[in-house]
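K.L.:
Coordinates for the following, if possible.
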Amino acid sequence: MTTLPAFLFTHACAVLVDLVQTRGSTPREAGTFMLVAKTAIWGTIGGGQFEYMAIDNARALLAGGGQQTMDIPLGPEIGQCCGGRTLLAFTRVTPDDTAALTARLQREEHDWPAVALFGAGHVGLALTHALSPLPFTVTVFETRAEALDDLPETTARRLTAMPEAEVSSIANGGSAIILTHDHALDFLIAEKALARPDLAYVGMIGSMTKRATFSKWLKRQREETAIDDVTDMLSRLVLPVGGAAVKDKRPAVIAAMVAAELLTVYATRTVGKAQSKAPA
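P.N.:
Okay, the predicted model is just below:
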């Protein structure tokens, strides 16, 4: 996906479409925005007929007409059945707005979970592309410089001789996904990640045989640690990543399944937090 600054640089004349108010069931929440240029768009306010109406109005504004606001009911009259109502605001983007819009997007992304991806081989590369449009802040750690060349523009990258030392840099509540070209390195990274109970997800590519081998190795490494602690560490390890529901080892398929696991993990945590804050 093109970054917002790159879109505005390429399309100097654009309209900001802001979803300023919602009532009832709507495809996206208030605060969502998109940009509309004469021949391109950036982002989405939820799709469907009401987005087509918004795009048409934005382009009418670019041509000298159009409306500044649109109050759109999402019902049978426009061919949608959400049942809610949306209020849209339209503003022509000026050069001064670029920094403000970028800062606005950064504030939204600040709360996205951090995903540390160790290894950018076939599966790692597929996974970075699968995660790129999703609400995650992704950083790839690699020991091979050439492996970092084809990552998506929005993915941060770190060349490091000791990836296991980078586990401590993962933000609280983040995730570690281990996909390196070296099983011994995988084990070192996994040990460091599993020692952090604050991480929401620790996954490693491999098989059940690899899981058994890692379990034996971890118990030897932690022979002075209480067996219950090691058992707890192993219980939090997702290996193999992607689950066993789909018997397909193609990188793109594994990447899709891992992305689904991450979305499920964080959706569950969000629901749990909301329930814990609810009044008794």
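K.L.:
for the protein, what's the longest helix?
P.N.:
Selection of the longest helix in the chain by residue count, based on DSSP state H, yields helix 251-277.
K.L.:
got the contact list for Ala54?
P.N.:
Neighbour list for Ala54: 17, 34, 36, 45, 70, 72, 88, 90 [criterion: Cβ atoms under 8 Å, 6 or more residues apart in numbering]. Yep, even glycine has a C-beta here, placed from its N, CA and C like the rest.
K.L.:
The fourth one: how many residues sit nearby?
P.N.:
Applying other Cβ atoms under 10 Å, we find 21 other residues in the vicinity of Ile45.
K.L.:
Would you agree Val138 falls within a strand?
P.N.:
Yes. If the criterion is DSSP: H, G, I helix; E, B strand; the rest coil, then Val138 is within a strand.
K.L.:
Neighbours of it, how many?
P.N.:
Counted with other Cβ under 10 Å, Val138 comes out at 24.
K.L.:
gap between Gln106 and Pro5?
P.N.:
11 Å (Cβ to Cβ, to the nearest Å).
K.L.:
sorry, back to before: against which helices or strands is the longest helix of the chain packed?
P.N.:
helix 122-131, strand 175-178, strand 201-204 (3 or more Cβ pairs under 8 Å, 6 or more residues apart in numbering; DSSP states H and E).
K.L.:
Going by neighbour count, list what's buried in it.
P.N.:
251, 253-259, 261-262, 265-266 (16 or more other Cβ atoms under 10 Å).
K.L.:
Specify the angle between that helix and helix 122-131 in degrees.
P.N.:
Calculated by axes from the mean of the first three to the mean of the last three Cα atoms, to 10 degrees, helix 251-277 forms an angle of 50 degrees with helix 122-131.
K.L.:
to the chain's geometric centre, what's the distance from helix 251-277?
P.N.:
10 Å (Cα atoms, centre = their mean, to the nearest Å).
K.L.:
Now that helix: average pLDDT?
P.N.:
For helix 251-277, mean pLDDT rounds to 79.
K.L.:
Check stretch 60-72 too.
P.N.:
On average, stretch 60-72 scores 91.
K.L.:
Tell me the span between the first and last residue of it.
P.N.:
Start-to-end span of stretch 60-72 (Cα to Cα, to the nearest Å) is 17 Å.
K.L.:
Tell me which residues are up against it.
P.N.:
13-15, 36-38, 50, 53-54, 57-59, 78, 85-92.
K.L.:
what do you get if the cut-off is 7 Å, keeping everything else the same?
P.N.:
With Cβ atoms under 7 Å, 6 or more residues apart in numbering as the contact definition, stretch 60-72 has outside contacts at 13, 15, 38, 50, 53-54, 57-58, 78, 86-90, 92.
K.L.:
and those residues, which of them are in strands?
P.N.:
The strands, defined by DSSP state E, take in 15, 86-90, 92 from those.
K.L.:
domains in the chain, as residue ranges please.
P.N.:
Domains of the chain are assigned by automatic domain parsing as 13-101, 112-273.
K.L.:
need the least confident one among those domains, by mean pLDDT.
P.N.:
Across those, domain 13-101 gives the lowest mean pLDDT, at a mean of 86.
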